[in-house]
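Visitor: model the following, please.
(one chain, ligands or ions: 1)
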Amino acid sequence: MTSAGRFAPSPSGELHVGNLRTAMLAWLFARSTGRSFLLRVEDLDRARAGAEAVQLRDLEAVGVTWDGGVVRQTARGRLYEDAIRRLGDAGLTYECFCTRREIQEAPSAPHAPQGAYPGTCRNLDPAEREFKRSIRPAAIRLRSAVQEFTVHDVLHGEFPGVVDDFVLRRNDGVVAYNLAVVVDDADQGVDQVVRGDDLLPSTPRQAYLASLLNIPLPEYAHVPLVVNSDGARLAKRDGAVTLADLAGAGVSANAVRDRLLASLNLPAGTLEQALAAFNPATLPRQPWVWSGP
Ligand SMILES: [Zn+2]
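Guide: Have a look, this model is predicted:
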């Protein structure tokens, strides 16, 4: 099995400078540790026609290259269903018929962490389950034996987080991110996961799920996001934030790349040139404020 890092965008629109910065970091983490680097398109949900091609072109324009072909989640349904079946065979799943509203209105179990699924459908008797099946399709949830799980992160150290009976497959049939990401990383030999730190809170759930599937945990590095001048996570509405927007404002892809490298205390130039100076220990730990073109 190869040793690899990856970048895994959702093709829901164009990448902005925050996404490109995270991709560059994932590349630098992987290459600086002798890993290969893979690109996976997470298109199970919210995919927009044509977005993937633009994203791949923009990644290459800032120097993010990858090994092998692009993998798409929509082509991998069998792997996810296999994992859900294995968990089911081990008694680790159950059907949930709750609507979002029912979950919000249900009294939470004593000592349950905030926002955790209240367990309404955990122990339905067969007759009840049969009746609910006739009303609406079921989501599949994990029957978790813990309420918390701790992961180690290169930048955040020990990080304990909530694990509840989270959804593995939604009731519309779409496989949940938490399941797909664990299965994909394992299947692709990804042993280093570098991504935005907005995903850190869900990482303990994924790591716990990996442990149930006998998957060794990858090295995690959750990197600071790019924010706008109000301190909010950068978004399309923040003006010229994509390579196309910036080209329109006279800023070349190379200039964007150099500016992102500078935000990481790295010298201007190609990513290969930046490798020599790359050191996770000296990366800025605060969000980086994008001030426009
Ligand atoms: Zn339920």
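Visitor: now the residue in the stretch 151-293 of the chain that the ion sits nearest to: phi and psi?
Guide: Taking C-beta to the ion, the ion has its nearest neighbour within the stretch 151-293 of the chain at residue 165, 8.6 Å off. (Glycine included, C-beta is placed from N, CA and C.) Residue 165 adopts backbone torsions of phi -80, psi 70, taken as degrees, to the nearest 10.
Visitor: correct me, but it touches residue 122?
Guide: Yes - contact between residue 165 and residue 122 holds when scored by C-beta atoms under 8 Å: they sit 6.5 Å apart.
Visitor: okay, these two: which has more neighbours?
Guide: Each of residue 165 and residue 122 has its neighbours counted (other C-beta atoms under 10 Å); residue 165 has more, 19 against 14.
Visitor: just the pLDDT for that one.
Guide: The model reports residue 165 with a pLDDT of 96.
Visitor: how far away is the residue in the chain sticking out farthest from the centre from the ion?
Guide: In terms of distance from the mean C-alpha position of the chain, residue 127 ranks first, at 37.8 Å (C-alpha atoms, centre = their mean). Distance, residue 127 to the ion, using C-beta to the ion, to the nearest Å: 16 Å.
Visitor: assumed that residue was part of a strand.
Guide: No - using DSSP: H, G, I helix; E, B strand; the rest coil, the secondary structure at residue 127 is helix, not a strand.
Visitor: show me what contacts residue 35?
Guide: Counting by C-beta atoms under 8 Å, 6 or more residues apart in numbering, residue 35 touches 2-5, 29, 191-192.
Visitor: one more time with 7 Å, if that's ok
Guide: Residue 35 makes contacts with 3-5, 192, as judged by C-beta atoms under 7 Å, 6 or more residues apart in numbering.
Visitor: most neighbours out of the residues you listed, which is it?
Guide: Neighbour max across the contacts of residue 35 (other C-beta under 10 Å) = residue 5, 26 neighbours.
Visitor: tell me how far the residue farthest from the centre of the chain lies from residue 93.
Guide: Residue 127 is 20 Å from residue 93, where distance means C-beta to C-beta, to the nearest Å.
Visitor: do the same with residue 2
Guide: 30 Å.
Visitor: show me which of the two is the more surrounded one.
Guide: The neighbour count for residue 2 versus residue 93, taken as other C-beta under 10 Å, is higher for residue 93 (19 against 12).
Visitor: you'd agree the more buried one is up against residue 87?
Guide: Yes - here residue 93 reaches residue 87: they are 5.0 Å apart, a contact under C-beta atoms under 7 Å.
Visitor: where do the contact lists of those two overlap?
Guide: residue 142.
Visitor: can you list the residues of the protein near the ion?
Guide: 96, 98, 120-121 (C-beta under 5 Å from the ion).
Visitor: for these, work out which two are farthest apart.
Guide: Using C-beta to C-beta, the two most remote members of these are 96 and 120, lying 7.4 Å apart.
Visitor: between those two, which one's more packed in?
Guide: Comparing residue 96 with residue 120 by other C-beta under 10 Å, the one with more neighbours is residue 96, at 23 against 16.
Visitor: how does this structure divide up, domain by domain?
Guide: Under the assignment automatic domain parsing, the domains of the chain span 4-75+224-289, 78-223.
Visitor: and the contacts of residue 35 as TSV, adding pLDDT, secondary structure and distance to residue 142?
Guide: Output for the contacts of residue 35, formatted as TSV (pLDDT from 0 to 100; DSSP: H, G, I helix; E, B strand; the rest coil; distance: C-beta to C-beta, whole Å):
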residue	pLDDT	secondary structure	distance to residue 142
3	95	coil	28
4	98	strand	26
5	98	strand	26
192	98	strand	25
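Visitor: of those residues, closest to residue 73?
Guide: Using C-beta to C-beta, residue 4 comes nearest to residue 73 of these, at 16.5 Å.
Visitor: now for the residue lying closest to the closest one once chain neighbours are set aside, how many residues are close by?
Guide: Leaving aside its sequence neighbours, residue 4 sits nearest to residue 36 (C-beta to C-beta, 6 or more residues apart in numbering; 4.5 Å). Residues contacting residue 36 under the criterion other C-beta under 10 Å number 17.
Visitor: overlap in contacts of residue 165 and residue 122?
Guide: Contacts common to residue 165 and residue 122, judged by C-beta under 7 Å, 6+ apart, are residue 143.
Visitor: I'd like to know which elements the helix or strand where residue 273 lies is packed against.
Guide: Counting by DSSP states H and E, the element that carries residue 273 is helix 271-275. Counting contacts by 3 or more C-beta pairs under 7 Å, 6 or more residues apart in numbering; DSSP states H and E, helix 271-275 packs against helix 17-32.
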